[in-house]
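> Below is the sequence, then the predicted model.
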Amino acid sequence: MGVELIIARYAHLLVVSLIFIRSCEGGLTSSYVRKNGLSSDMPLDSDVFRLPPGYNAPQQVHITQGDREGRGVIVSWITPDEEGSTSVLYWAENSQIKKTEWGSVVRYKYYNYSSGYIHHCTINNLEYDTKYYYVVGSGNVAREFWFVTPPQPGPDVPYTFGLIGDLGQTFDSNRTVTHYELNPVKGQAILYVGDLSYADSYPLHDNTRWDTWGRFVERNVAYQPWIWTAGNHEIDFVPEIGETIPFKPFMHRFLTPYKASKSTSPLWYSIKRASAYIIVLSSYSAYGKYTPQYKWFTNELPKVNRTETPWLIVLMHSPMYSSYIHHYMEGETMRVMYEEWLVQYKVDVVFAGHVHAYERSERISNIEYNVVNGLCTPINDESAPVYITIGDGGNQEGLVTDMTQPQPRYSAYREASFGHGIFDIKNRTHAYFGWHRNQDGFAVEGDSLWFLNRYWKTKEEKYSV
Ligand SMILES: [Fe+2]
């Protein structure tokens, strides 16, 4: 058989093969993939862990949203030696009136560790969109900080969120925070997608590493709220040493305004902030049908008023879609339970961590499967959220570089590098997301996407009237 004849006879197979290869292609796997290697924790004498001077000086100062609408702030700090003052002195910029709010103190023991005096003070009824100064501690160890309250919730209120996850306390963690701080697009609050200190990676879950982490991040979280999501490194469940209360260190140190959204657990809750409605879920609490989290979540979604807060954002730790091999499919059972709700209520974006890399999905859903119909492949779905994995804060476990091959069609972009994200809401219809890898200049985006609001995109005609 001549060569020409062979080509003619099998040309259709070649075409089919090319189509098949084409159909298996996903999005882009960045060539910017780094070698896997552990990141070193910063040593205890690093400047980022420095103790504030003075006896019993407040340390580990951090704030988070304290109410449903953004007029409340929870101020937390730790005094190491004795209880000291539980009050926060605060005042609005350009105001001569100083007010005092009183907080409460908790302590906990964890195996052979005893915490300092953990102060939590909720300040309510603040003015929107106002800079406030606040002071914790008294006398010669008083420490002053400031924060800016968000604008009143409304459909066209611009607001800029930072995204950080799986931070830890390594040299790479420090680079991530520094890049976020020096990003010319200034984040106003951080959506934190879980795994904070990695104290549980030390022998006996050395809780002094919770303290060092608190001192490390204070330089940012004392000035802008971090919205907390719990990850697996917050569980701290070690019955072998008698520690049988899940999330004990996390829940003593970091409060959330869960009661304001009628949640029964600090681990899942919602807030409004400017033009965003943020729902935080717990990957490591029961989420099956009839569980408290399921009941709360499914009651919560119909309450979202997209005319008031157009941007519906969901945070969780374990991603529902990830094409990395590490932690592969760990979020699958929650996806099975909750994905149809995300699609039905047109969630704009789901941010998750856990996988120490970056990945952005196409708008896809996989909700048709019912065991017998075989429809088990994600398909394009304009009502579905974009799933963004951003567990690349830089903790001691290093990057995950092994990816499923070929890249699945639902995966739009993936890269194993440390970095942070910026979700920049412009108005009710448009938001811009940028992902910044630590190796680049502060303004450089390794990946980016314009978001068209899922609710308002179908109402543009109405909007233009
Ligand atoms: Fe994790």
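Thanks, I have the structure now. Residues are numbered from 1 along each chain as shown.

> pLDDT score assigned to the closest residue to the ion within the chain?
Scanning the chain for the residue nearest the ion gives residue 354, at 3.8 Å (criterion: CB to the ion). C-beta: built from backbone N, CA, C; applies to glycine. For residue 354, the pLDDT comes out at 98.

> now swap in the one 5 residues further on and tell me
The model reports residue 359 with a pLDDT of 98.

> Under the pLDDT cut-off, which ranges of the stretch 1-150 of the chain? List them.
For the stretch 1-150 of the chain, the stretches flagged by pLDDT under 70 are 1-26, 33-37.

> if we go to 90?
Applying pLDDT under 90 to the stretch 1-150 of the chain flags residues 1-27, 30-39.

> Going along the chain, name the helices of it.
Secondary structure of the stretch 1-150 of the chain (DSSP state H, counting those that start in this stretch): helices at 3-24.

> How about the stretch 251-400 of the chain?
Secondary structure of the stretch 251-400 of the chain (DSSP H, counting those that start in this stretch): helices located at 292-300, 332-344.

> for the last one, packing partners?
Read it as helix 332-344. helix 292-300, strand 364-365 (3 or more CB pairs under 8 Å, 6 or more residues apart in numbering; DSSP states H and E).

> Just name the most buried of these.
Mean neighbour count (mean count of other CB atoms under 10 Å) peaks for strand 364-365 among the helices and strands packed on helix 332-344, with a mean of 21.

> Pull up the pairing partners for that strand, direction included.
Using DSSP bridges, strand 364-365 pairs in its sheet with strand 379-380 (antiparallel).

> Residue numbers of the stretch 201-350 of the chain in contact with the ion?
With CB under 5 Å from the ion as the criterion, the stretch 201-350 of the chain meets the ion at residues 231-232.

> which stretches of the stretch 201-350 of the chain form strands?
Remark: strands assigned in the stretch 201-350 of the chain by DSSP state E, counting those that start in this stretch are 226-227, 269-273, 276-280, 311-315, 349-352.

> Out of those strands, which is the most enclosed?
With neighbours taken as mean count of other CB under 10 Å, those reach their highest mean count in strand 349-352, at a mean of 28.

> what sits up against that one?
Contacting residues not belonging to strand 349-352 are listed as 163, 165, 191, 193, 313-320, 322, 331, 342, 385-391, 421, 423, 433, 451 [CB atoms under 8 Å, 6 or more residues apart in numbering].

> Kindly recompute the last result at 6 Å.
Contact with strand 349-352 is made by 163, 193, 313-316, 319, 385-389, as judged by CB atoms under 6 Å, 6 or more residues apart in numbering.

> pLDDT value on the residue most central in space within the chain, please?
By CA atoms, centre = their mean, the chain has its centre lying nearest to residue 193, at 2.4 Å. At residue 193, the pLDDT value in this model is 98.

> if I look at it, how far off is residue 141?
Separation of residue 193 from residue 141 (CB to CB, to the nearest Å) stands at 34 Å.

> Could you do residue 160 as well?
Applying CB to CB to residue 160 and residue 141 gives a distance of 33 Å.

> swap in residue 92?
Note on residue 92: its distance to residue 141, by CB to CB, is 24 Å.

> Any stretches of the stretch 301-450 of the chain with poor pLDDT?
Within the stretch 301-450 of the chain, the stretches with pLDDT under 90 are 370-371, 396, 398, 400-401.

> quick one: contacts of stretch 229-246?
So stretch 229-246 is contacted by 111, 193-195, 198, 200, 205, 247-250, 267, 280, 282, 284, 315, 317 (CB under 6 Å, 6+ apart).

> Tell me which residues are up against stretch 87-99.
With contact meaning CB under 6 Å, 6+ apart, stretch 87-99 is reached by 75, 100-102, 121, 130-136.

> which of those count as buried?
75, 101, 121, 130, 132, 134-136 (16 or more other CB atoms under 10 Å).

> Now the two most distant members of those.
130 and 136 (19.2 Å; CB to CB).

> Distance check, the residue lying closest to residue 211 once chain neighbours are set aside against residue 79.
What sits nearest to residue 211 in space, not counting adjacent residues and going by CB to CB, 6 or more residues apart in numbering, is residue 60, at 6.5 Å. According to CB to CB, residue 60 stands 10 Å off from residue 79.

> what about residue 432, which helix or strand?
strand 430-437 (DSSP states H and E).

> gap between that strand and the chain center?
How far strand 430-437 lies from its chain's middle: 14 Å, per CA atoms, centre = their mean, to the nearest Å.

> That strand versus strand 311-315: what angle between them?
Computed by axes from the mean of the first three to the mean of the last three CA atoms, to 10 degrees, the angle separating strand 430-437 from strand 311-315 equals 30 degrees.

> need the next SSE after strand 430-437, C-terminal direction.
Moving toward the C-terminus from strand 430-437, the next helix or strand (DSSP H and E) is strand 447-452.

> CA atoms of that next one as CSV?
C-alpha atoms of strand 447-452 as CSV (Å, rounded to 0.1, in the frame of the first residue of the first chain):
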residue,chain,number,x,y,z
ASP,A,447,-4.0,35.8,36.2
SER,A,448,-7.0,38.0,36.0
LEU,A,449,-10.7,37.9,35.1
TRP,A,450,-13.5,40.4,34.7
PHE,A,451,-16.6,39.2,36.6
LEU,A,452,-20.0,39.9,35.2
